[in-house]
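Model the following, please.
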Amino acid sequence: MVGILVSWSLFELFASKNVLGQRILNFIQLVCSPFVGAIMGIAIAQATDAPEWLGGVIGGTGGLLALVLQLVQVGWFYRLQGLPIWAIFFQDILCISLVVFAFDAPQ
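The predicted model follows:
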């Protein structure tokens, strides 16, 4: 897991230097964001001992929320030619919480 996170971070660091790399990153993040949001929602549901059916509902809601947030980010990227610094910090906080939940509930 650490190897995947490090390799993705290095790819993101080097690919974000040119326009084509930024577009590729936006596409990959747009495709993967619903899955990551669903994993986050299910991890939160398992951490709170919610019923199993509610875990699926929370996972689906988390996936949709992550997709909407990523769509907003892609729209801002193309409209504003970049992202506001507060949006980047907010996304980093969400990523850190995802990593904490992933290491807390590895099942």
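
Could you pull up the residues touching the nearest residue to residue 24 once chain neighbours are set aside?
The spatial neighbour of residue 24 that comes closest, neighbours along the chain excluded (Cβ to Cβ, 6 or more residues apart in numbering), is residue 15 at 6.2 Å. To be clear about C-beta, it is placed using only N, CA and C from the backbone, and glycine gets the same treatment. When contacts are counted by Cβ atoms under 8 Å, 6 or more residues apart in numbering, residue 15 touches 21, 22, 24, 25.

which stretch of helix or strand covers the second one?
Element membership for residue 22, per DSSP states H and E: helix 19-47.

as a whole number, average confidence for that helix?
For helix 19-47, mean pLDDT rounds to 86.

Could I get the buried residue list for that helix?
Of the residues in helix 19-47, 22, 25, 29, 33-34, 36-46 count as buried by neighbour count, 16 or more other Cβ atoms under 10 Å.

Now residue 45. Nearest residue, chain neighbours left out?
Spatial nearest neighbour of residue 45, excluding adjacent residues (Cβ to Cβ, 6+ apart): residue 55 at 3.7 Å.

got the contact list for the one you found?
By Cβ under 8 Å, 6+ apart, the residues touching residue 55 are 41, 42, 45, 46.

Equivalent analysis for residue 14, please.
Under the criterion of Cβ under 8 Å, 6+ apart, the neighbours of residue 14 are residue 21.

Need phi/psi at it.
Backbone torsions for residue 14, taken as degrees, to the nearest 10, come to phi -80, psi -30.

So residue 50 versus residue 64, what's the distance?
With the distance defined as Cβ to Cβ, to the nearest Å, residue 50 ends up 18 Å from residue 64.
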